[in-house]
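In: Kindly generate the corresponding structure for this input.
(one chain, ligands or ions: 1)
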Amino acid sequence: MITSDPPSERRLPVGALLGAIVVIVVIYAAVPLARNAALQLLCLAVALGLFTHSPRQVTTVSLSACGLLALAMLGLWSTGTQGFDSVRDGTNGLLACLFMLVLGQAIHHFSVKHEELSEQQSTMATTLARMEQLATRDPLTGLFNTRHMTELMNQHAKRSERADLPMSLGLIDLDQFQRVNERFGHAVGDEALVAVSRIATEVFRQTDVIGRWGGEELLVLFTDTEPEQALLGLERLRDRLAGQDLSVARLGVKVTFSAGLVVWQEGEDMDATLTRARHALLRAKHEGRDRTVTGHFNPATLS
Ligand SMILES: Nc1nc2c(ncn2[C@@H]2O[C@H](COP(=O)(O)OP(=O)(O)OP(=O)(O)O)[C@@H](O)[C@H]2O)c(=O)[nH]1
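Out: Coordinates of the predicted model:
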């Protein structure tokens, strides 16, 4: 079961509270004139138990207050201390004890309910986060899934249009991935996919949006980025993958990728942008793989 700490505003060190109770009881015993005020302060200390950590501590506070007060009264009565009226002070003390026990129980009950509620809230938050994860992420790579990427593309297109910001789209396809699966097995192929995804998230900017576009394809949305910079990003990924062993067991699994990179045109439907990116990707494959082919901008302008 998931438990949660009470909110910080409820926290009061129980040790400090017990210390205060001891001091109040000492004042009660030592200063006859302050007895009524001490009883009121004791009740207040028990009420402050509401701000301690747990229901158990609430009970500790109220029982300690009652126990210490009873001991003090017993001591005063048995030693016949002057100024201690056993009827008046005894009745007041017993009433205070009764009040503190009832108050302690009520606060204990409230505290238990509060804890249950916190646990439920925490469980709900975890479940919601898990559901959101399942709805938006690809289970293998942890990247955004196709459906969520589609939503994000449309959102970013609107944002780019409103703010007049450049946006590019890169479609990445791992080369000859079937051979990786055939040679090393599907599980190792999965490892390679996970490794490429992890490296991609490291290589691209945090503002770039990366998703798995089915199978062995990734889609990158280069938001607020000039295409030349997006191309540099893709080539950084190529450099990082070059010669890198992508298997956990160091089997020598290496992959390259082909990519199609296009600039989103203002007002363009994202499906049309994707189609252009796929055409560019196919050209990259036909031209020999392990390269990026761009559409609608001149990579020769690279600085
Ligand atoms: N291990 C693993 N393989 C996958 C996954 N998704 C797709 N693949 C494999 O990726 C391979 C894609 O094969 P193809 O589309 O023929 O392309 P390719 O072998 O990569 O060759 P080119 O794309 O032409 O360079 C297939 O063998 C799929 O089974 C996955 O989640 N895990």
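
In: Spatially nearest residue to the residue of the chain found nearest the ligand, not counting backbone neighbours?
Out: Nearest residue of the chain to the ligand: Gly189, at 2.6 Å (C-beta to the nearest ligand atom). Every C-beta, even on glycine, is put in place using the N, C-alpha and C of the backbone. Residue nearest to Gly189 in three dimensions, not counting chain neighbours: Asn181, with 4.2 Å by C-beta to C-beta, 6 or more residues apart in numbering.

In: Kindly spell out which helices and strands sit in contact with the helix or strand containing the one you found.
Out: Here Asn181 sits within helix 177-184, counting by DSSP states H and E. When contacts are defined as 3 or more C-beta pairs under 8 Å, 6 or more residues apart in numbering; DSSP states H and E, helix 177-184 packs onto helix 186-203.

In: between the helix it packs on and helix 177-184, what angle do the directions make?
Out: Put simply, helix 186-203 runs at 130 degrees to helix 177-184, going by axes from the mean of the first three to the mean of the last three C-alpha atoms, to 10 degrees.

In: and the chain, which residues reach the ligand?
Out: 140, 173-178, 181, 186, 189-190, 193, 215-216, 285, 289 (C-beta under 6 Å from any ligand atom).

In: So among those, which ones count as buried?
Out: 173-175, 177, 181, 189, 193, 216 (16 or more other C-beta atoms under 10 Å).

In: Switch those over to a markdown table; also include pLDDT.
Out: As requested, those are exported to a markdown table (pLDDT from 0 to 100):
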| residue | pLDDT |
| --- | --- |
| Asp173 | 98 |
| Leu174 | 98 |
| Asp175 | 98 |
| Phe177 | 97 |
| Asn181 | 97 |
| Gly189 | 97 |
| Leu193 | 98 |
| Glu216 | 97 |
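
In: OK, contacts around Ile27?
Out: Residues near Ile27 by C-beta atoms under 8 Å, 6 or more residues apart in numbering: 34, 38.

In: what about it, helix or strand, and which?
Out: helix 14-30.

In: buried set for that helix?
Out: Those would be 14, 17-18, 20-21, 24-25, 27-29, for helix 14-30 by 16+ other C-beta under 10 Å.

In: Considering the residues you listed, which is situated nearest to Gln155?
Out: When the buried residues of helix 14-30 are compared for distance to Gln155 (C-beta to C-beta), Val14 wins out at 49.3 Å.

In: so that closest one touches Val61, yeah?
Out: Yes: under the criterion of C-beta atoms under 8 Å, Val14 makes contact with Val61 at 6.6 Å.

In: anything in contact with each of these two?
Out: Thr52.

In: Next, Arg205: phi, psi?
Out: With angles defined as degrees, to the nearest 10, Arg205 sits at phi -70, psi 160.

In: Can you read off the pLDDT for the residue nearest the centre of the chain?
Out: The structure's the chain has its C-alpha centroid closest to Ala129; by C-alpha atoms, centre = their mean the separation is 8.2 Å. pLDDT, Ala129: 93.

In: now, which of the residues of the chain next to the ligand sits nearest Gly267?
Out: When the residues of the chain next to the ligand are compared for distance to Gly267 (C-beta to C-beta), Asp173 wins out at 27.4 Å.

In: quick one: Met149 from Leu128, how far?
Out: 21 Å (C-beta to C-beta, to the nearest Å).

In: May I have whatever helix or strand Ala277 lives in exported as PDB, CA atoms only?
Out: Under the criterion of DSSP H and E, Ala277 resides in helix 270-286. What follows is helix 270-286 as a C-alpha-only set of coordinates in PDB (Å, rounded to 0.1, in the frame of the first residue of the first chain):
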ATOM      1  CA  MET A 270       0.500  17.600 -40.600                       C
ATOM      2  CA  ASP A 271      -0.400  14.500 -42.600                       C
ATOM      3  CA  ALA A 272       1.000  16.300 -45.700                       C
ATOM      4  CA  THR A 273       4.100  17.200 -43.800                       C
ATOM      5  CA  LEU A 274       4.500  13.600 -42.800                       C
ATOM      6  CA  THR A 275       4.000  12.400 -46.400                       C
ATOM      7  CA  ARG A 276       6.800  14.700 -47.500                       C
ATOM      8  CA  ALA A 277       9.000  13.400 -44.700                       C
ATOM      9  CA  ARG A 278       8.300   9.800 -45.800                       C
ATOM     10  CA  HIS A 279       9.200  10.600 -49.400                       C
ATOM     11  CA  ALA A 280      12.500  12.100 -48.200                       C
ATOM     12  CA  LEU A 281      13.100   9.100 -46.000                       C
ATOM     13  CA  LEU A 282      12.500   6.700 -49.000                       C
ATOM     14  CA  ARG A 283      14.900   8.700 -51.000                       C
ATOM     15  CA  ALA A 284      17.500   8.300 -48.300                       C
ATOM     16  CA  LYS A 285      17.000   4.600 -48.400                       C
ATOM     17  CA  HIS A 286      17.200   4.500 -52.200                       C
END
